[in-house]
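1. sharing a sequence plus its predicted fold:
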Amino acid sequence: MMIDIIVVGEDAVTREISKRLLRHSRDDLQVTREEPIRGGEIKNKILNYNRLNLPVFVLTDLDDIDCPPSLIKSWFNQTPMNPNLIFRVACDEAEAWLMADKTGFSRFLGIKESDLPGLKQCDRRNPQNVELQFKYKPSLYLMKELAVKSNNKLLAEQLKPRVYAKKGPEYNTALIPFIQNNWDIDSAAKNSYSLRKAIKRINEFSSYKFQS
Amino acid sequence: MYISKVKLDNWRNFKSVDVDFTHRIFVVGPNASGKSNLLDVIRFLRDIVKQAGGFQYAVEERGGVSKIRCLAARRHPDVGIEVHLSENPAQEPEWIYRLVFKHSGGGIIKNQAVIVEEKVWNKKQKRWVLERNNKSPKEDSDTLKFTHLEQPTSNKEFREVYRFLQEIQYLNIVPQLVRDADSYMLSANKEDYHGRNLLDKISKTAKNTRDAYIRRINEVLKIAVPQLEELQFITDKKGTPHLEAIYTHWRARGALQQEAQFSDGTLRLIGFMWALLDGQETILLEEPELYLHTAIIKQLPEFISKLQRRKNRIRQVIITTHSYDLLTEGIGADEVVLLETTPEGTLARRGDCVEQIKQYLEAGFSMAEAVIPASAPKDIDKLQQIKIGD
């Protein structure tokens, strides 16, 4: 039986990543709604989603917070997480998961694989738990340092932000085809512990509690 | 009275609809889901009863039965419309009007609509005061071309329904048309869908009433469009009606402007304020948010609610909208009608009858948050992937 699921993410790229992940991992989930219509609401609305008691997949960026547990603590306070809510935090941003597919992403953007940042360990006891190490926000790094090196003039123009713009003028248009068609999730997962955990959580998810 | 229920069979993109209305209704749905078509049912009934209107006219205006009938209709080709008119939501409807019709003709015979059934229920008399159908020996192919509703000699017993439908106002102001003074001359006797003869309507209103309405519109404009002052109604030498206002700027006296120079937003604001002030019965508003600033849109629902409640009566307002800002906190789930497209035609359900919407509202989401994502097209993100040009 198909399970209806709601995808929540701050922007179109994040939601597309969520949808691709859900499709990649399961064939019994169907996305019925995508939210929010306006950005900047997830943090304030997270307890509403938690109360909703419908299957919901939320993907958010870690950004400046030091680790996912402290983000969860600050967002949820003491409220227990609804088993119908899949709440995942990307380190440091959903875009980092795309770049974690180093071969695929560098080929797509038309840059050298060595242009992408190296790996950092995020867990001393488990050296295989790594993430890409960015100097600053991965999406900004993508637009400001990688896009300009691209040998694809169109992509570079689409991605490079104009003065004071937060994103390139056709940011979504540029990245969504990669997410849909080229992103090798399995190879990205090797370079991103937070992505591996997200996939694991999706695979384990069951909505039996919802139906009871 | 207000329209408390609409039941449809094979009307445009609705194969089957049965939806209850409250005094204020917001119709929400994706583009081309049938928001305007839902309002069009009510306009259709008004077209039947209006001067120089009639059943055949109403069908022809819409391109004939084949254009009206739902594409999802298969075995049952008849188009059915039923409206309930109520005084009190807690009680049975005062009136039920039901009309079923189909297509006849083709080849060398003129294409026409023929009535299959026409019925009117009255609460006071507790009976159907009119019951016609095409099987009856009293009817023939000519009588079935006309509704009893449109004929004053045969609608005596339900004149109230006739009057009610005549008073319905539909407004979708297209600023470009209000501005175009020539179109006023052209459209003087035509149906006013787009506010073309808004000015004409204003000019035909009794002076005292008109002044009172303009005064109220001025109060609103003063806040919403502060640079526009002293809106007034005038008639020029040729007898053409105009709206005039002073546009203040750095010169001491400001500049006199007429409707041709008003902004799109100003014209729309004036237009539907007029409709709300002037309307005696149900008012249909198409996307009142168009051309208006977010800050104004947010105020509209309360504003409309206040204008509905005048002279100890509440007039019904039915609004189509796409606007996140319009669906503010004061709107109930029973005031929203959600349209959902399916291969078998569009479904229309009230917010309080949709499980998912109720769950969202119970979880603490606002009406806009619950409803707008549900009415977004399923693959909206694919819009980004369309190749334009090369």
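-> Nice, I can see it.

2. and the closest residue to chain A within the stretch 1-150 of chain B, how many neighbours?
-> Nearest to chain A, among the residues of the stretch 1-150 of chain B, is residue B:28, at 12.4 Å (Cβ to the nearest Cβ). Heads up, the C-betas are built off the backbone N, CA and C, glycines and all. Residue B:28: 25 surrounding residues under other Cβ atoms under 10 Å in any protein chain shown.

3. for it, give me phi and psi.
-> Main-chain dihedrals, residue B:28, degrees, to the nearest 10: phi -120, psi 140.

4. same question for residue B:100.
-> Backbone torsions for residue B:100, taken as degrees, to the nearest 10, come to phi -120, psi 130.

5. same thing with residue A:9?
-> Dihedral angles for residue A:9 - degrees, to the nearest 10 - are phi -160, psi 150.

6. same check, this time on the one 10 residues further on
-> Main-chain torsions, residue A:19, degrees, to the nearest 10: phi -60, psi -40.

7. any idea how far residue A:8 is from it?
-> As for residue A:19, its distance to residue A:8 is 11 Å (criterion: Cβ to Cβ, to the nearest Å).

8. between the two, point out the one with more neighbours.
-> Neighbour totals were compared for residue A:19 and residue A:8, and residue A:8 leads with 25 against 21 (other Cβ under 10 Å).

9. burial check on residue 153, number of neighbours?
-> Since no chain was named, I'll use chain A. So residue A:153, with other Cβ under 10 Å, has 9 neighbours.

10. nope, chain B please
-> Residues within reach of residue B:153, counting by other Cβ under 10 Å, total 6.

11. which parts of the stretch 1-150 of chain B are strands?
-> Assigned by DSSP state E, counting those that start in this stretch, the strands in the stretch 1-150 of chain B fall at B:2-11, B:14-20, B:24-28, B:79-86, B:95-106, B:109-122, B:127-133.

12. by contact count, what packs against the last one?
-> In terms of contacts (3 or more Cβ pairs under 8 Å, 6 or more residues apart in numbering or on different chains; DSSP states H and E), strand B:127-133 is packed against strand B:109-122.

13. give me the phi and psi angles of the nearest residue to residue A:137 once chain neighbours are set aside.
-> Leaving aside its sequence neighbours, residue A:137 sits nearest to residue A:93 (Cβ to Cβ, 6 or more residues apart in numbering or on different chains; 6.4 Å). Dihedral pair for residue A:93: phi -150, psi 160, per degrees, to the nearest 10.

14. surely residue A:93 meets residue A:140?
-> No. The pair residue A:93 / residue A:140 is not scored as a contact, 9.1 Å apart, by Cβ atoms under 8 Å.

15. more crowded one of these two?
-> residue A:93 (24 against 16).

16. circling back: dump the strands of the stretch 1-150 of chain B into JSON lines; add mean pLDDT as well.
-> JSON lines is the format used below for the strands of the stretch 1-150 of chain B (pLDDT from 0 to 100):
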{"stretch": "strand B:2-11", "mean pLDDT": "96"}
{"stretch": "strand B:14-20", "mean pLDDT": "94"}
{"stretch": "strand B:24-28", "mean pLDDT": "93"}
{"stretch": "strand B:79-86", "mean pLDDT": "96"}
{"stretch": "strand B:95-106", "mean pLDDT": "92"}
{"stretch": "strand B:109-122", "mean pLDDT": "92"}
{"stretch": "strand B:127-133", "mean pLDDT": "95"}
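
17. nearest to residue A:125, of those?
-> strand B:24-28 (52.4 Å; Cβ to Cβ).

18. where in the chain is pLDDT low?
-> All of this refers to chain A. Across chain A, the ranges flagged by pLDDT under 70 are A:39-40, A:207-212.

19. oops, I was thinking of chain B
-> Within chain B, the stretches with pLDDT under 70 are B:176-197, B:377-385, B:388-390.

20. name the nearest residue to the residue positioned nearest the centre of chain A, ignoring sequence neighbours.
-> Nearest to the centroid of the C-alpha atoms of chain A, with distances taken as Cα atoms, centre = their mean, sits residue A:94, at 2.7 Å. Take residue A:94 and drop its neighbours on the chain: the residue closest to it by Cβ to Cβ, 6+ apart is residue A:14, 4.5 Å away.

21. element containing residue B:242, please.
-> Element membership of residue B:242, judged by DSSP states H and E, is strand B:241-247.

22. interface residues of chain A facing chain B?
-> Residues of chain A found near chain B (Cβ under 8 Å from any Cβ of the partner chain) are A:12, A:15-16, A:32-38, A:41, A:45, A:47-49, A:51-54, A:172-173, A:176-177.

23. in helices, which of the residues you listed appear?
-> A:12, A:15-16, A:45, A:47-49, A:51-52, A:172-173, A:176-177 (DSSP state H).

24. Throw the residues you listed into JSON lines and include distance to residue B:174 and neighbour count, thanks.
-> Converted to JSON lines, those look like this (distance: Cβ to Cβ, whole Å; neighbours: other Cβ atoms under 10 Å in any protein chain shown):
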{"residue": "A:12", "distance to residue B:174": "32", "neighbour count": "20"}
{"residue": "A:15", "distance to residue B:174": "35", "neighbour count": "24"}
{"residue": "A:16", "distance to residue B:174": "37", "neighbour count": "25"}
{"residue": "A:45", "distance to residue B:174": "37", "neighbour count": "20"}
{"residue": "A:47", "distance to residue B:174": "44", "neighbour count": "16"}
{"residue": "A:48", "distance to residue B:174": "39", "neighbour count": "19"}
{"residue": "A:49", "distance to residue B:174": "40", "neighbour count": "25"}
{"residue": "A:51", "distance to residue B:174": "43", "neighbour count": "16"}
{"residue": "A:52", "distance to residue B:174": "40", "neighbour count": "21"}
{"residue": "A:172", "distance to residue B:174": "32", "neighbour count": "19"}
{"residue": "A:173", "distance to residue B:174": "32", "neighbour count": "20"}
{"residue": "A:176", "distance to residue B:174": "36", "neighbour count": "20"}
{"residue": "A:177", "distance to residue B:174": "38", "neighbour count": "14"}
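
25. where's the closest residue to residue B:166 other than its chain neighbours relative to residue B:55, distance?
-> Leaving aside its sequence neighbours, residue B:166 sits nearest to residue B:49 (Cβ to Cβ, 6+ apart; 5.1 Å). As judged by Cβ to Cβ, residue B:49 and residue B:55 stand 10 Å apart.

26. overlap of the contact sets of those two?
-> Common neighbours of residue B:49 and residue B:55, counting by Cβ atoms under 8 Å, 6 or more residues apart in numbering or on different chains, are B:149-150.
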